[in-house]
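[1] Test case, fold it:
(one chain, ligands or ions: 1)
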Amino acid sequence: MKDLYWSNKRTVIGGIALAVLLLILPACKGLVLNTVLKTVEPYFHGPGIDGTELTPLSERVYTFRWNWYRNLIVDTDVGLVVIDPMNREMTTALKAALAARLPGKSVHTLIYSHYHLDHTSGGAVLSPKVVIAHSKSPDYWNDIPHPDLLWPTQLVEGDQVMMIGGVEIRLLDLGLSHTDTLFAFYLPSERLVFAPDLGLVKTVAPAGVPDRYVPGYLAGIERVAALDFDIFVPSHFGVGVRQDLLDWRDMLEDGRRLAREAIAKAGSFGTRSSQMSTYFQTVYPPMREKYGDWHGFDEMFILNLVRDIEGEALGH
Ligand SMILES: [Zn+2]
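    Prediction:
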């Protein structure tokens, strides 16, 4: 009888605890989600990031920024070449900015730097005559919904030297790096490189750079860094110089090296207890010392740490 009493009491207590848990869980989940979103929010938004801006970089080259995205526009004798439309809101704003700055000029060629939909949507707004993509890109687009993609008219792979309206645009096929459809763009006459999703200027990576194969990615950076250029244009945030790309490479390599050291101390992911604090203590102080003043360091540190540990542990 006594056993039954306690058993019932435990059941009741357990039931109440479960009910309370079920009641507060959605709120907790919301809180956790809210906290994570609030933590990363300042990486993507803020003064100097929000808004649009068309900026000349040389006599023939412009860059257009739409919030944290940025693309490249080349003014050639046959019309404009736009590399990466990104999305419909961006191309709509770009079209208006181009009409004001370069009235009467139409878009001749649109080039996609890689297949990712956040770089390849909204191109129809620009009404280009020619649309160029990597030959492997349609394989991905055929697997996923792509509601606002303007389908390419021309597929290419391997390094390319294109002469469009008197301007030489070299495409470097970077292989398996950030997808296996990624090109970097070199304009020798302008001493300029546009390297979408391959580097940033004094800004840490967003969430470890999604869809990245690190060995190929670092090799891609080395290929681009070996070119003879001055102006480095990334596809996000500010414009810089060649040294900024080298600094970015160093930051990535430091993160990976420290992740290797952390694994040597605490073991590979999920093999021992209390690993996360050892990982953090090994990687955070030296990274903060060197890169603490870069944009997004605090917001992205944990996400980048997890990506580096995972990449080192699994080999990608
Ligand atoms: Zn991408």
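[2] Can you tell me who the spatially closest residue to residue 195 that is not a sequence neighbour pairs with across the strands?
    Leaving aside its chain neighbours, residue 195 sits nearest to residue 184 (4.4 Å; criterion: C-beta to C-beta, 6 or more residues apart in numbering). For every residue, glycine as well, the C-beta is placed using N, CA and C. Beta-bridge partners of residue 184, counted by DSSP bridges, are residue 172.
[3] List the strands paired with the helix or strand residue 193 falls within, with their directions.
    Secondary structure from DSSP states H and E places residue 193 in strand 192-194. Applying DSSP bridges, strand 192-194 is found paired with strand 183-187 (antiparallel), strand 231-233 (parallel).
[4] So what's the residue count around the residue of the chain found nearest the ion?
    Residue nearest to the ion within the chain: residue 116 (3.5 Å; C-beta to the ion). Counted by other C-beta atoms under 10 Å, the residues lying close to residue 116 total 21.
[5] Quick one: residues contacting the closest residue to it other than its chain neighbours.
    The spatially closest residue to residue 116, leaving aside those adjacent along the chain, is residue 179, at 6.6 Å (C-beta to C-beta, 6+ apart). Residue 179 makes contact with 114, 115, 116, 140, 211, according to C-beta atoms under 8 Å, 6 or more residues apart in numbering.
[6] try it again with 7 Å
    Shown in contact with residue 179 (C-beta atoms under 7 Å, 6 or more residues apart in numbering): 114, 115, 116, 211.
[7] who's it bridged to?
    The partner residues for residue 179, given DSSP bridges, come to residue 177.
[8] re earlier: what separation do you get for the residue of the chain closest to the ion and residue 189?
    28 Å (C-beta to C-beta, to the nearest Å).
[9] list the buried ones in stretch 196-214?
    Across stretch 196-214, burial judged by 16 or more other C-beta atoms under 10 Å covers 196-206, 208-209, 212-214.
[10] Over to stretch 154-174?
    Those would be 156, 157, 164, 165, 167, 169, 170, 171, 172, 173, 174, for stretch 154-174 by 16+ other C-beta under 10 Å.
[11] Pick out the most distant pair among those residues.
    By the measure C-beta to C-beta, 165 and 174 form the most distant pair in those, at 25.3 Å.
[12] Okay, helices next: where are they in the stretch 101-250 of the chain?
    117-120, 137-141, 214-225, 242-266 (DSSP state H, counting those that start in this stretch).
[13] Now distance to residue 152 and mean pLDDT too, for these, in a markdown table please.
    Output for these, formatted as a markdown table (distance: least, C-beta to C-beta, whole Å; pLDDT from 0 to 100):
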| stretch | distance to residue 152 | mean pLDDT |
| --- | --- | --- |
| helix 117-120 | 9 | 98 |
| helix 137-141 | 7 | 98 |
| helix 214-225 | 22 | 98 |
| helix 242-266 | 28 | 97 |
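[14] how about these in JSON lines, adding distance to residue 285?
    Shown next, in JSON lines, are the helices of the stretch 101-250 of the chain (distance: least, C-beta to C-beta, whole Å):
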{"stretch": "helix 117-120", "distance to residue 285": "34"}
{"stretch": "helix 137-141", "distance to residue 285": "40"}
{"stretch": "helix 214-225", "distance to residue 285": "23"}
{"stretch": "helix 242-266", "distance to residue 285": "10"}
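[15] looking at those, which is closest to residue 316?
    helix 214-225 (6.4 Å).
[16] Show me what counts as buried in that closest one.
    Those would be 214, 216, 217, 218, 220, 221, 223, 224, 225, for helix 214-225 by 16+ other C-beta under 10 Å.
[17] Could you do stretch 100-120 as well?
    By neighbour count with 16+ other C-beta under 10 Å, stretch 100-120 contains the buried residues 107-117, 119-120.
[18] Just the terminal-to-terminal distance for that stretch.
    24 Å (C-alpha to C-alpha, to the nearest Å).
[19] and that stretch, how far from the chain's centre?
    19 Å (C-alpha atoms, centre = their mean, to the nearest Å).
[20] and what of stretch 260-267?
    27 Å.
[21] near the ion, which residues of this structure?
    For the chain, the residues in contact with the ion (C-beta under 5 Å from the ion) are 116, 197.
[22] which stretches of the chain form strands?
    With DSSP state E as the definition, the chain shows strands at residue ranges 52-56, 61-66, 69-76, 79-83, 107-111, 130-134, 154-156, 160-164, 167-173, 183-187, 192-194, 231-233, 240-241.
[23] Could you work out the end-to-end span of stretch 176-186 for me?
    First-to-last residue span, stretch 176-186, C-alpha to C-alpha: 19 Å.
[24] as a whole number, average confidence for it?
    The average pLDDT within stretch 176-186 is 98.
[25] Quick check: which ranges of the stretch 1-150 of the chain have low pLDDT?
    1-33, 36-37 (pLDDT under 70).
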